[in-house]
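Q: With the input below, show me the fold.
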Amino acid sequence: MIVIKCAKCKGKIFKYLKIGKGRILHCWKGRIVEDYSARNGNEVKCQCGNLVGIDEGKWIKMKRRSFIYSGTRTKG
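A: All right, here's what the predicted structure looks like:
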């Protein structure tokens, strides 16, 4: 389980079940455990207004350098 946070204000955006190694390019909606984000159409934003991703149906395409994350990843 990892916690994805805003790079600007350090506020929580998602609690996400990360499987495997590698960077986070997109977040599968089925693996999001808790969602703290603000939505505006298909834009996924932090509470401070920072754009962190675009909703593309089955997943959210994450915008590089607009988020940080911490926690442990599950091997898969």
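
Q: Low-confidence regions, the protein specifically.
A: By pLDDT under 70, the weakly predicted segments of the chain are 73-76.

Q: those strands in it, which residues are they?
A: Secondary structure of the chain (DSSP state E): strands located at 2-6, 12-16, 26-28, 32-35, 38-40, 43-45, 51-55, 59-62, 67-71.

Q: Now render these as TSV, adding mean neighbour count.
A: Using the backbone N, CA and C atoms, a C-beta is placed for each residue, glycine as well. Listed next are the strands of the chain as TSV, based on neighbours: other C-beta atoms under 10 Å:
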stretch	mean neighbour count
strand 2-6	20
strand 12-16	21
strand 26-28	17
strand 32-35	14
strand 38-40	11
strand 43-45	19
strand 51-55	18
strand 59-62	19
strand 67-71	14
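
Q: Could you pull up the residues touching Ser66?
A: Taking C-beta atoms under 8 Å, 6 or more residues apart in numbering, we find Ser66 in contact with Cys6, Ala7, Lys8, Asn50, Leu51, Val52, Gly53.

Q: So of those residues, which two are at opposite extremes in space?
A: Largest separation among the contacts of Ser66 by C-beta to C-beta: Lys8 and Gly53, giving 14.2 Å.
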